[in-house]
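In: build me a structure from this.
(one chain, ligands or ions: 1)
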Amino acid sequence: MTRTVVQRSLAELPDAVQAIVAFAPGPSLDVAEPQPIFERMLEEHPVLRWDNGVAFFKMADIVEAGRNPAIVSEMTQGFEGMGSREALIPLNVDGDRHRRYRKILDPLLAPRKMAVLEPGIRQLASKLIDGFINDGQVELHDAFAVPLPSQTFLQLFGLPIEDAEFLNGIKNQILKNAGATLEEHNALAVEAGDELKAYLEVKIAEREKEGAPRDDLLGACMSYVTDDGSRLTRDEIMNIAHLFVIAGLDTVTASLTCIIGWFARHPEERRQVMADPSLLPAAIEELMRFENPVLMGGPRFATADTEVNGVPVKAGDMVALCWTTADLDGDVFSDPLTVDLQRPENRHIAFAAGRHRCLGSHLARLELRVAIDELHRRLADYEITPGDEPHYNHAGVRAAEHLPLTFTRA
Ligand code: HEM
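Out: Model (predicted):
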């Protein structure tokens, strides 16, 4: 089957498309409802070839590309991903090495392990809500959506909760810095990444002096022994910690603000879910689909000439996969621009597809469910504060970084 591939130079592409194919951050997607923009991309260029490679927007192609062994996440072209000078583990490694790391890391974040965190997350959510429940108004991003996932993650991973502000500052400098070009952006990210590495060096050195490993994720990585008796090296542990700090501090905050922002603008649907909390898990899945905050994963690269569902990909091509448009693909989801909180079959890929699917999805889903459930238990009603507007930032991961709510208490 021959596929239609739209061909454009980078300069010809709208900013929003450049943000995806060339990882060029820009404000063009910083709107409350970007879904129609994504829908247009699917219509105008489901497959796009540009100067440096090829970008896929449809679900079937993205899933297929994720399975193709010749399309890898390894940084083969000198990219510095997420402020790191080395390939991040497991995001930027492939093949047997990737399988080895996933075998070590998957069990640490398995559903059974995460389930025991529920009471603690609920208690934390309740404490944070106590901080604003008498005010009738709250800026939810700072008061709730940042501290809840940050404190949950830092405690689980084994870094001091008091360092949350410092680490969030570094994470923001890595993902959302003000670099005007991709080169400037990467340079600032690496500077912040070096600061993160220096911090992690100290924390790991402190632990090395202690006799026994601590009972947390960092302790588990440091004490892990494989079947053949080998251990993770210090560099590997530093590297894993670098990625985990960024992933653990950013994405749940982002998703939480997108979902609550949507509920605040859709009172009827919100009241339905508040009246019957058993609808919440499916509602979260539907809003993860519709509001999918991770526009594109890290870049992929073709190691050999190959093809994806009939689309030729050349050795050396950069391959961009747009998870967000795939979740609005009408070939997979009926009426994709309509939010159906009880959508019967919802195989969205907000947590990615293929070998690099999200390692933290069980933790993320737990945090989202418990956080929203607690908010809905304590607030009777909420809306975007009249006269104020949420501010969305789409650099790296989409988030409402200013989310002003006015509410009545339950
Ligand atoms: C709602 C929250 C989250 C979303 C939407 C999300 C989304 C994603 C996506 C789309 C990927 C694939 C990236 C790519 O292939 O380029 C990914 C990978 C990953 N995520 Fe998440 N994530 C979330 C939460 C978390 C949390 C809380 C953690 C850790 C505590 C985490 C850890 C990771 C790791 C380590 C990978 C790399 C997996 C690999 O390469 O094998 N994520 N995530």
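In: touching the ligand at all, stretch 133-146?
Out: No. Judged by C-beta under 6 Å from any ligand atom, stretch 133-146 makes no contact with the ligand; its nearest approach is 11.4 Å. Quick note: C-beta positions are derived from backbone N, CA and C, even for glycine.
In: give me the element residue 63 is part of.
Out: Using DSSP states H and E, residue 63 falls within helix 59-67.
In: do that helix and the ligand meet at all?
Out: No. Helix 59-67 stays clear of the ligand (C-beta under 6 Å from any ligand atom), getting no nearer than 7.9 Å.
In: show me what counts as buried in that helix.
Out: 59, 61-66 (16 or more other C-beta atoms under 10 Å).
In: closest one of those residues to the ligand?
Out: The ligand lies nearest to residue 66 out of those, by C-beta to the nearest ligand atom, at 7.9 Å.
In: where does pLDDT dip in the stretch 1-150 of the chain?
Out: For the stretch 1-150 of the chain, the stretches with pLDDT under 70 are 1, 75-80.
In: for it, what spans make up the helices?
Out: For the stretch 1-150 of the chain, helices defined by DSSP state H, counting those that start in this stretch occupy the ranges 15-21, 35-44, 59-67, 95-105, 111-115, 118-130, 140, 147-157.
In: can I get the ones you listed in TSV with distance to residue 309?
Out: Listed next are the helices of the stretch 1-150 of the chain as TSV, based on distance: least, C-beta to C-beta, whole Å:
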stretch	distance to residue 309
helix 15-21	18
helix 35-44	15
helix 59-67	5
helix 95-105	22
helix 111-115	32
helix 118-130	41
helix 140	41
helix 147-157	36
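In: helices and strands around the helix holding residue 63, which ones?
Out: Here helix 59-67 touches strand 306-308, strand 318-321, helix 323-326, going by 3 or more C-beta pairs under 8 Å, 6 or more residues apart in numbering; DSSP states H and E.
In: please repeat the previous calculation with a cut-off of 6 Å.
Out: Counting contacts by 3 or more C-beta pairs under 6 Å, 6 or more residues apart in numbering; DSSP states H and E, helix 59-67 packs against strand 306-308.
In: what are the buried residues along the strand it packs on?
Out: 306, 308.
In: and the contacts of the following helix or strand past that strand?
Out: As assigned by DSSP H and E, the chain's next helix or strand after strand 306-308 is strand 311-313. Identification of contacts with strand 311-313 by C-beta atoms under 6 Å, 6 or more residues apart in numbering yields 3, 5, 47, 54, 302, 306.
In: please tell me how far residue 157 sits from the ligand.
Out: Applying C-beta to the nearest ligand atom, to the nearest Å, the value for residue 157 to the ligand is 7 Å.
In: is it true that that residue touches residue 217?
Out: Yes. Under the criterion of C-beta atoms under 6 Å, residue 157 lies in contact with residue 217, with a separation of 4.6 Å.
In: let me know the helix or strand that residue 335 is in.
Out: Residue 335 belongs to no helix or strand when assigned by DSSP H and E.
In: any idea how far residue 131 is from it?
Out: 40 Å (C-beta to C-beta, to the nearest Å).
In: the two - which one has more neighbours?
Out: The neighbour count for residue 335 versus residue 131, taken as other C-beta atoms under 10 Å, is higher for residue 131 (12 against 9).
In: give me phi/psi at that one?
Out: When read as degrees, to the nearest 10, the backbone of residue 131 gives phi -70, psi -20.
In: apart from its neighbours in sequence, what residue is nearest it?
Out: residue 143 (6.5 Å; C-beta to C-beta, 6 or more residues apart in numbering).
In: right, and the one you found touches residue 130 too?
Out: No. Here residue 143 lies out of contact with residue 130, judged by C-beta under 6 Å, at a distance of 10.9 Å.
In: out of those two, which sits in the busier spot?
Out: The residue with more neighbours, out of residue 143 and residue 130, is residue 143; 17 against 10, by other C-beta under 10 Å.
In: cool, thanks, talk later.
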